[in-house]
Each structure stands twice: as structure tokens, then as C-alpha cells.
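Trainee: prediction below, plus the sequence it came from.
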Amino acid sequence: SQQGEEDPQALSIQEGENATMNCSYKTSINNLQWYRQNSGRGLVHLILIRSNEREKHSGRLRVTLDTSKKSSSLLITASRAADTASYFCATDPTQGGSEKLVFGKGTKLTVNP
Amino acid sequence: DAGITQSPRYKITETGRQVTLMCHQTWSHSYMFWYRQDLGHGLRLIYYSAAADITDKGEVPDGYVVSRSKTENFPLTLESATRSQTSVYFCASSDIRGRYGYTFGSGTRLTVV
């Protein structure tokens, strides 16, 4: 069963605009990760934020985490056509002795030139 | 995708046939995973392995068999392929519990006719 749920399911913006995607999850986590998937390719790890962190930056990416609301957001600033892809959040649950990430269904981002 | 390769890239097989998807990683990662990706379901974990000779079921293991005799290889076998196993299959690897992110292969698109 999916732990993370991304919102919106699809997002279409113009080049240069910012894109914001959200992820909600249900149980406590060790960390939350964001991945990108270009069409026909595997997922690529973008950024990891630990449960004791609130914000993290990597280049044009900004991730926030609110553990009280069990939610995270991924902001891509000054988007480019090359950012067109699906974006997935994945959570590392604290409970259950699990050694596996649980992925959401993704947000499909289209950046129009 | 450097360091983890999947083969074949595309495969068409008939119902009832046995088919094996290969996954090879050069990172010496302890953990390896098999996911399937279907529209509307996102990524679902089939099997995972914490080390050579240690495997465990994921969310959707029925109809699949895995083995891991060497750290670098993690083949996935469909014992008797069914149409419902038509999907895109991704192999991934990570070091400690995915805490530094997973590395994904490029995927195998399997069609069962």
C-alpha cells in the first residue's frame, strides 16, 4: 500500500515559473526522499530530508518537511523544459523493521518552453 | 543509471513461459530491490534482498522468484508468465537501508501475450 501521496497528480507550467509538488504520508518516518523519472527511464534520486530536518536545498530544488502534518513539498525554481518528468516522494518508515522505501504514485510535471 | 544494469530492455513472452529478468550492480550495495510500475499503481515492491542469500517478499511477490547467490546480481524469474505481469520492471540498489537514496536501473518493459 502507498505511504506517500503526491499532489497534484499532474502540473503544467511555463518555463521560468516555479513548480511546487506536495507529498503526504501516514506513519512516522526516518527520512523522506524525492525522485525524478524521465519518460521511459528509471528513477533518479534527487534529495533526502531526515525527520529532524525542516528544509533542505540542492541547486534549484528546495524541499520542506513538516512531520507534525506528515507532509513534504518539493519546489523547483526557475523551471526548464528539461525538468519535464514525473516526481515521486518515497518514505522510509520507522516502524515494522522494514528496510524498504515506500513510493507514492507521482506528480507528472510538464514544463512548456 | 551508471553502476546498475538491467537486461533485457524489452521482452515479449507468451503466457505460461518462464522468463528471467537480470539485474547487475557494480556499487557493492548490500540491498537490492525489484519493483514493478503500472499506471494507477505507481511503484510496487516485488522482492528485496539485504545481502547475498537473504531475500524477502515485498508487496506483490506472487508469481515471482528471486535469488541472490552473488552480491552484484539479483535476477527476477517469472515462473509461468501471465498477462497481469505485463509491466515495467525496475531493479534498484542501495547501501544502508536506502538512507542515501536508491540507484535504479533503466527498467525492463515486459509484455506477456
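Mentor: Here it is on my side, so go on.

Trainee: who touches residue 86 in this structure?
Mentor: Defaulting to chain A. A:36-37, A:106-109 (C-beta atoms under 8 Å, 6 or more residues apart in numbering or on different chains). Every residue, glycine included, has its C-beta placed from N, CA and C.

Trainee: wrong one, chain B
Mentor: Residues in contact with residue B:86 (C-beta under 8 Å, 6+ apart) are B:110-112.

Trainee: show me where chain A has strands.
Mentor: Under the criterion DSSP state E, chain A carries strands at the ranges A:5-7, A:10-14, A:19-24, A:29-37, A:43-50, A:55-58, A:61-66, A:71-76, A:85-93, A:102-103, A:107-112.

Trainee: tabulate the contacts of residue A:86 (TSV), appending neighbour count.
Mentor: Listed next are the contacts of residue A:86 as TSV, based on neighbours: other C-beta atoms under 10 Å in any protein chain shown:
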residue	neighbour count
A:36	21
A:37	20
A:106	25
A:107	22
A:108	18
A:109	21
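
Trainee: and the residues you listed, which is closest to chain B?
Mentor: Nearest to chain B out of the contacts of residue A:86 is residue A:106 (C-beta to the nearest C-beta; 6.2 Å).

Trainee: would you agree that closest one is in contact with residue A:6?
Mentor: Yes - contact criterion C-beta atoms under 8 Å: residue A:106 and residue A:6 qualify, at 5.7 Å.

Trainee: buried residues in stretch A:57-67?
Mentor: A:61-65 (16 or more other C-beta atoms under 10 Å in any protein chain shown).

Trainee: endpoints of that stretch, how far apart?
Mentor: 18 Å (C-alpha to C-alpha, to the nearest Å).

Trainee: check whether that stretch contacts chain B.
Mentor: No - Stretch A:57-67 does not reach chain B (C-beta under 8 Å from any C-beta of the partner chain); its nearest approach is 11.7 Å.

Trainee: and what of stretch A:30-40?
Mentor: Yes - counting by C-beta under 8 Å from any C-beta, contacts between stretch A:30-40 and chain B involve A:30-31, A:33, A:35, A:40.

Trainee: okay, and the beta partners of residue 57?
Mentor: Since no chain was named, I'll use chain A. For residue A:57, the beta-bridge assignment (DSSP bridges) gives partners residue A:62.

Trainee: the intended chain is chain B.
Mentor: Here residue B:57, judged by DSSP bridges, has bridge partners residue B:47.

Trainee: same check on residue A:76?
Mentor: residue A:19, residue A:61.

Trainee: what's the neighbour count on it?
Mentor: 22 (other C-beta atoms under 10 Å in any protein chain shown).

Trainee: center of chain B - which residue?
Mentor: residue B:34 (3.0 Å; C-alpha atoms, centre = their mean).

Trainee: doesn't that residue lie inside a strand?
Mentor: Yes - when DSSP: H, G, I helix; E, B strand; the rest coil is applied, residue B:34 is found to be in a strand.

Trainee: thinking again about what came up before, what's the overlap in contacts for residue A:106 and residue A:6?
Mentor: A:87-88.
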